[in-house]
Structures are given as structure tokens and as C-alpha cells.
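[1] With the sequence up front, the predicted model follows.
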Amino acid sequence: MKCLLLLSALLAIISLVHGAVSRTGKVDGNNIYDHAIIPRDGTYVFYNQHTHQYLAFESSHNNLVRLASSATKWTLRRHANTKYFTLRLNNNVNHPKCLSTRWTTSGSNGGYDDAAVMWQCETDNKKRSIAPHMAKRGKYPPIRSDKQMWLVVPVTGRGIHNTFRIHSAAHLFDMTPTCVFSQGVNGGLKLSNCKYNTKNSGMYWHAQRVGK
């Protein structure tokens, strides 16, 4: 009996650390979706409450970064008849890039969603945005739509307005859910485990609509 209890505890820890399949995934995913708002299409800037830095894009390296004083204007496009949306922009050579969920492997523990990065937009596009030389070689598999879709859940509290957690739609209902966190990692920003009511100011993004 003690061995079974120990094994259960270890599996629970692995689930939290590595984003493994979660026994509460469906409940957590439904809670996030139910508490998410229906966003308005438009142009937005996002400011992190903990770091006092903007969610920004560095076009020269196609990197998602944080900048203290310079904001990137993001186009929010709602996914039809849902609460999901994409965040997109064009880089300095006019290629459309979307905020995307990156998957990484973790040895014998499988893999997990580790970072918010910038990839070519394929979700809600009329055609795939792929460099011709990659398409010819067949080395660019389609990006799963949920990896480029997101949800925003309002942060509640005294004096808090227009502030949200940005939840990844990838593996929302079967793995430990994740949010865009203010910590930088190679190529983007960390995706950190979170639920619809997680209290962590590093996950709090103030959204300001600055255009249609």
C-alpha cells in the first residue's frame, strides 16, 4: 500500500513538472474556457504587471521578447464562434507570424509545452504561409491549429482592470494547462503551469486596445 501511495505521489509530481497527461485536465480546461472572455478583434498592446515590460517581438530574430519601453502592436483575430483567438503581426520582410505554443521533449517523461514563440501563421489563414524552398522539400508539416490559439481569463482583484492570464489552447483538456509567463527562454517566453484562478503576477498581462 505504501508503495502504491508513493508511486501515485511521484506520478503527480511528474505531471506538474513536465506537463504530463493530467487526471484533472478536462476539468481544468473547462474551467479556463468557461471563465475566458470573448475578445474583440483589433490591435492591442500587452504589459506585464510583474516586470513592467511589454510583450514584444524582435523581428530581426523572429523572437518573442520583453522590452521595457517599447510596445509591439498585436493584431487579435478571433477564431469563429469561439472564445479562442490568434495574436499575429508581420515581420520586417512582411511574413505573417503568430504567437504559438512550442512543444519540447523531456527524456523518458515524454514532452510538454514549454514556451510561447513566433511561428508562421497557419491558423485562420486563407493559405499556409510557407517559404517556397521549404514547401518543395516537404519539410514543413502543418501546424496544429490549437498551437496558435489562445484564451484570456480576467484577473480579479482590487484596483485591477483589463488584466488577463493568456492561456495556451494546446493540450488544454488533457494536460496541465499553461499560461504565458514573463520569464524569457531561448526563442520566446516561458509557458508556466496555471489554472483559471492561479495567483502569479508574472502571468498577469494588462491589455490595451489601440486600434481596430
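    Nice, I can see it. Only a predicted model underlies this, so the values are computations on that prediction, with no experimental measurement involved. Numbers count the residues shown, from 1 in each chain.
[2] could you point out which element follows the least confident helix or strand in the chain by mean pLDDT?
    Using mean pLDDT, DSSP states H and E, the weakest-scoring helix or strand in the chain turns out to be helix 2-18, at a mean of 40. Next helix or strand after helix 2-18 toward the C-terminus (DSSP states H and E): helix 25-35.
[3] Show me what the helix or strand following that next one is packed up against.
    The helix or strand immediately downstream of helix 25-35 is strand 42-48, counting by DSSP H and E. With contacts defined as 3 or more C-beta pairs under 8 Å, 6 or more residues apart in numbering; DSSP states H and E, the packing partners of strand 42-48 are strand 54-58, strand 74-78, strand 205-211. (Each C-beta comes from the backbone N, C-alpha and C, glycine too.)
[4] mean confidence score for strand 42-48?
    Across strand 42-48, pLDDT averages out at 97.
[5] what does stretch 141-154 give?
    93.
[6] distance between the ends of that stretch?
    For stretch 141-154, the first and last residues are 34 Å from each other (C-alpha to C-alpha, to the nearest Å).
[7] Residues contacting that stretch, please?
    If you take C-beta atoms under 8 Å, 6 or more residues apart in numbering as the criterion, stretch 141-154 is touched by 32-33, 35-37, 39, 79, 83-87, 98-101, 103, 119-123, 128, 163-172, 196, 207.
[8] returning to what we had before: nearest to N91, out of the helices and strands packed on strand 42-48?
    strand 54-58 (7.6 Å; C-beta to C-beta).
[9] Send me the closest one as PDB with only the CA atoms.
    Provided in PDB are the C-alpha atoms of strand 54-58 (Å, rounded to 0.1, in the frame of the first residue of the first chain):
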ATOM      1  CA  TYR A  54       5.700  44.800 -22.800                       C
ATOM      2  CA  LEU A  55       5.000  41.700 -24.800                       C
ATOM      3  CA  ALA A  56       7.200  42.500 -27.800                       C
ATOM      4  CA  PHE A  57       8.500  41.000 -31.000                       C
ATOM      5  CA  GLU A  58      12.100  41.300 -32.200                       C
END
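[10] What's the ChimeraX syntax to select whichever of the contacts of stretch 141-154 are buried?
    Selection of buried members from the contacts of stretch 141-154 for ChimeraX, criterion 16 or more other C-beta atoms under 10 Å:
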select :32,33,35,36,39,79,83,84,85,86,87,98,99,100,101,119,120,121,122,123,163,164,165,166,167,168,169,170,171,172,196,207
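[11] picking that back up, out of the helices and strands packed on strand 42-48, which comes closest to V21?
    Nearest of the helices and strands packed on strand 42-48 (C-beta to C-beta): strand 205-211, 27.6 Å.
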